[in-house]
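Asker: fold the following for me, if possible:
(2 chains)
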Amino acid sequence: MENIEIVGVLGELADLLEIKGSNPFRIRAYRNAIQTINGLTQSLEGMIEDGEDLTDLPAVGKDIAGHIEELISTGGLSRLEEVAAEVPRTLAELVKLDGVGPKKVKKLWNELGVTTVDQLEEALEADRVVSLEGFGAKSAEKIRRSIEDYRKQVGRFLLSEAEVLIQPLLDHLGEIDGLDELEVAGSFRRRRETVGDLDLLACAVEGSEEAIMDRFVNFPSVDRVVSAGVTKGAVVLRSGLEVDLRIVPRESWGAALLYFTGSKEHSVALRTRAVRQGLRVNEWGVFRAPDGQDDEESTDDFGERLGGTEEEEAYRILGLEWIPPVLRENRGEIEAAEKGSLPSLVRLDDIRGDLQMHSMWSDGKASIEEMALRCRELGYDYLAMTDHSPNLAMVQGVTAEKAKLQWREIEKIQGRLEGITVFRSMEVDILKDGSLDMEEEILEGLDLVVISVHTLMDMAKTEMTDRVIEAMRHPRADILAHPTGRLLNRREPFALDVEAVLHAAAEFDVAVELNASPRRLDLSDVHVRRAKELGVKVVISTDAHEPRALGSMRFGVEQARRGWLEPGDVLNTMSVEAFRSWLGRRSESQA
DNA sequence: GCCGTTTTCGGCCCGACTGTTTTCAGTCG
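Answerer: Model (predicted):
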């Protein structure tokens, strides 16, 4: 059983316990364990097979370890069955509606017998919700809208989409006086592959808060205003993207940025750590907790203010190095910052070449030369032209005959282009049995062989894993491209034992791709981190089908940074000479 | 349910806003 499935079951259990009204700390304990599992780079099933003690994991104790073992050995969880006998499982879905939490779900269920979103909608239409104690006309209307959004928005927004949607609002706000700083915090700043809503943080000259909030809610693309207080407001844009705005004073800028960048798990861990040091961290600053606050009115008094004007200062007071936002997931970065051992993350300008792209020889929109010129403009030293092999009929791939013609063209272009090396390559399909869709003679003649799955994506996991590993075993295979085949918000990754594939990559000295297309970002952050742990080289490639798409490299680099990669972990940070010698690695080791 | 420089019990992050209240519960991040 996959970690993600275990997380799903534990999450459902936590939701149901919450509706049931269990001890909130017990519920938090489940959520903490889920957070730990989400950050794991290995499978729990594998850890149990290796005889590891799951209670060594943070936030996993005897009970939850027992739940995990039961899930893996039986596929079910008796504790969930018990709770589900008391609380209908469909209620877990209702708490996902905006503005509806466990307490309201409980009330809707107890008083109206509502257990599903459909039933809630019926109850709303029959005006049975408005008359409930604690509900009113406004909350009924809000729930109605939430149901609409829930039905409309299947997935979250891609990071690249969110960038495009937020920029006009940033420009709109940027024109106002009294605005000192403006930054998008939250998962956007952490560069997560998708974002739910956007958290805008503004620093205002005192007295100008109202004007800023006013301009915010009057942005032309605002579809509706969710809330608008003095320092906090929220709107939904016509695109369906929700944007929250917080306005903070100058002296709180760093603390607020830290707090609203999150992740929630990172913030909680920081605060917990602060409490142990007798400190208190909130969005206003870092404070020395006042003594003897066991009685009444210490609530308004945070204690002596130590700082928080800048993020660096807040971290420093806590005894930590500044932690880049991409690492703030509570996956070991706080411990690393304490020891001064944060990774020196790879940067966009470390990238020396792009190793997957397409031209008009298959399904690309531009010529080889146009692609090469753009790569040179981007400052690269080399590129690999990786048109498709013929198995993908719809793209009119490159046959053995066409390959030789293409090599001749590359030679010609290379003759008149200085400052960039074009490697002969191909994105070769992995066929059903794990063989490669190209004649050996051609594979021998290529500088670089990229392999990937494009067909039969619904194979069972063991067959798919065997298929991919068989292909990696081929002595000409260099890079496994978009290993899980996922398309964000559109297609789930196909069933694949990524751990086994990464071990095979280490064994056969095959690199794995982090596809930089913002729709793919495949492998994911957690998987590339695992690759690094196993000593597997990662390649960040754009898979561009036109010159402009070569600019997506930055999304891949950001994802790599989220996976803790340093320049040395990334194959295409190598100089062209070093990369050539990597390409010859197998013949060298045989010699 | 988890955890421990407060160590096997008694804590566990915390402030803003809304709506329905008449002093505050619920939700969110």
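
Asker: please name every helix or strand in contact with the longest strand seen in chain A.
Answerer: The longest strand of chain A (DSSP state E) is strand A:421-429. Packing partners of strand A:421-429 (3 or more Cβ pairs under 8 Å, 6 or more residues apart in numbering; DSSP states H and E): strand A:382-385, helix A:400-416, helix A:440-445, strand A:448-452. C-betas here are computed from N, CA, C, even on glycine.

Asker: turn the ones you listed into TSV, including mean neighbour count and mean pLDDT.
Answerer: Listed next are the helices and strands packed on strand A:421-429 as TSV, based on neighbours: other Cβ atoms under 10 Å; pLDDT from 0 to 100:
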stretch	mean neighbour count	mean pLDDT
strand A:382-385	28	97
helix A:400-416	14	92
helix A:440-445	15	93
strand A:448-452	24	95
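
Asker: which SS class is whichever residue of the stretch 401-550 of chain A sits closest to DNA strand B?
Answerer: Going by Cβ to the nearest atom of the strand, DNA strand B is nearest to A:Asn489 of the stretch 401-550 of chain A, at 18.3 Å. Per DSSP: H, G, I helix; E, B strand; the rest coil, the secondary structure class of A:Asn489 is coil.

Asker: how much space between it and A:Glu193?
Answerer: Distance, A:Asn489 to A:Glu193, using Cβ to Cβ, to the nearest Å: 10 Å.

Asker: who has more neighbours, the two?
Answerer: A:Glu193 (23 against 15; other Cβ atoms under 10 Å).

Asker: burial count for the closest residue to the more buried one other than its chain neighbours?
Answerer: Closest residue to A:Glu193 apart from its sequence neighbours, by Cβ to Cβ, 6 or more residues apart in numbering: A:Leu521 at 4.7 Å. A:Leu521 has 29 neighbouring residues, counting by other Cβ under 10 Å.

Asker: phi first, then psi, for the nearest residue to A:Val226 once chain neighbours are set aside.
Answerer: Closest residue to A:Val226 apart from its sequence neighbours, by Cβ to Cβ, 6+ apart: A:Ala234 at 4.0 Å. Torsion angles at A:Ala234 (phi, psi; degrees, to the nearest 10) stand at phi -150, psi 140.

Asker: if I pick A:Ala234, what's in contact with it?
Answerer: Residues counted as contacts of A:Ala234 (Cβ atoms under 8 Å, 6 or more residues apart in numbering) are A:Asp197, A:Val225, A:Val226, A:Ser227, A:Ala228, A:Glu242, A:Val243, A:Asp244, A:Leu245.

Asker: which residues does the residue lying closest to the first one once chain neighbours are set aside bridge with?
Answerer: Which is A:Asp197. The shortest distance from A:Asp197 to any non-neighbouring residue, by Cβ to Cβ, 6+ apart, is to A:Glu242 (3.7 Å). Assessed by DSSP bridges, A:Glu242 has beta-bridge partners A:Val236.

Asker: A:Glu242 reaches A:Val195, doesn't it?
Answerer: No: using Cβ atoms under 8 Å, A:Glu242 makes no contact with A:Val195, being 10.1 Å away.

Asker: neighbour-wise, which of these two wins?
Answerer: Comparing A:Glu242 with A:Val195 by other Cβ under 10 Å, the one with more neighbours is A:Val195, at 24 against 20.

Asker: endpoints of stretch A:218-236, how far apart?
Answerer: Start to finish, the residues bounding stretch A:218-236 are 12 Å apart (Cα to Cα, to the nearest Å).

Asker: quick one: average pLDDT of that stretch?
Answerer: Averaging pLDDT along stretch A:218-236 gives 89.

Asker: ok, that stretch near DNA strand B or not?
Answerer: Yes: applying Cβ under 7 Å from any atom of the strand, one finds stretch A:218-236 touching DNA strand B at A:Ser227, A:Ala228, A:Gly229, A:Val230, A:Thr231, A:Lys232, A:Gly233.

Asker: how about low-confidence regions in the stretch 301-450 of chain A?
Answerer: A:301, A:393-395 (pLDDT under 70).

Asker: what residues does it put near DNA strand B?
Answerer: So the stretch 301-450 of chain A meets DNA strand B at A:Phe302 (Cβ under 7 Å from any atom of the strand).

Asker: return the nearest residue of the stretch 301-450 of chain A with respect to DNA strand B.
Answerer: Closest point on the stretch 301-450 of chain A to DNA strand B, by Cβ to the nearest atom of the strand, is A:Phe302, at 6.2 Å.

Asker: same question for chain A.
Answerer: Among all residues of chain A, A:Gly136 sits closest to DNA strand B, at 1.8 Å; criterion: Cβ to the nearest atom of the strand.

Asker: residues contacting that residue?
Answerer: Applying Cβ under 8 Å, 6+ apart, we find A:Gly136 in contact with A:Val130.

Asker: roughly how far does it sit from A:Arg144?
Answerer: A:Gly136 sits 13 Å away from A:Arg144, taking Cβ to Cβ as the criterion.
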